[in-house]
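# okay, structure incoming, though there's no sequence with it:
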């Protein structure tokens, strides 16, 4: 039990996540850690409606996550879901342990450089991921479970 899967996907809960990853990883609970979503009631409500009623969904800002989760026992098979590498870096730098991180997709926005098929990063996002690598987090790029896995450390210098 506990956190069994950590993923960055700037679309958060969408078809690939809901129909594949939740099933493959047998997820019972999703915790979204994102300041923007936590402060946007409309987006939070839409995300709540996008998962089956048997999946528990929590949405926390980074600070609220750091106050609540490290001091709580997670009893369900849980997926941590992030829209940005910066949020992941903040929680890991604050002492929350993540061994492996999956990057599903970070879309281009005109300010990002492409590193993999569906991974575009700003310099700050790239630096956050490099910091996570230095802290021992194994970072893999894989959109869906049937795709091959790319190690972020290998695509970093593109």
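Ah, there it is. Because the structure is predicted, anything quoted here is derived from the model rather than measured.
# just the strands in this protein please.
2-9, 29-33, 56-60, 77-82, 100-105, 113-116, 119-121, 138-141, 150-151 (DSSP state E).
# doesn't residue 108 make contact with residue 119?
No. Contact criterion C-beta atoms under 8 Å: residue 119 and residue 108 do not qualify, at 9.6 Å. Using the backbone N, CA and C atoms, a C-beta is placed for each residue, glycine as well.
# more neighbours: those two, which one.
residue 119 (27 against 12; other C-beta atoms under 10 Å).
# can you redo the strands of the chain as a markdown table with mean pLDDT and distance to residue 43?
A markdown table is the format used below for the strands of the chain (pLDDT from 0 to 100; distance: least, C-beta to C-beta, whole Å):
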| stretch | mean pLDDT | distance to residue 43 |
| --- | --- | --- |
| strand 2-9 | 96 | 14 |
| strand 29-33 | 96 | 10 |
| strand 56-60 | 96 | 9 |
| strand 77-82 | 96 | 13 |
| strand 100-105 | 94 | 18 |
| strand 113-116 | 92 | 26 |
| strand 119-121 | 94 | 21 |
| strand 138-141 | 96 | 25 |
| strand 150-151 | 94 | 29 |
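# distance to residue 39 added to the ones you listed, as a markdown table?
Listed next are those as a markdown table, based on distance: least, C-beta to C-beta, whole Å:
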| stretch | distance to residue 39 |
| --- | --- |
| strand 2-9 | 19 |
| strand 29-33 | 12 |
| strand 56-60 | 10 |
| strand 77-82 | 15 |
| strand 100-105 | 23 |
| strand 113-116 | 28 |
| strand 119-121 | 23 |
| strand 138-141 | 27 |
| strand 150-151 | 33 |
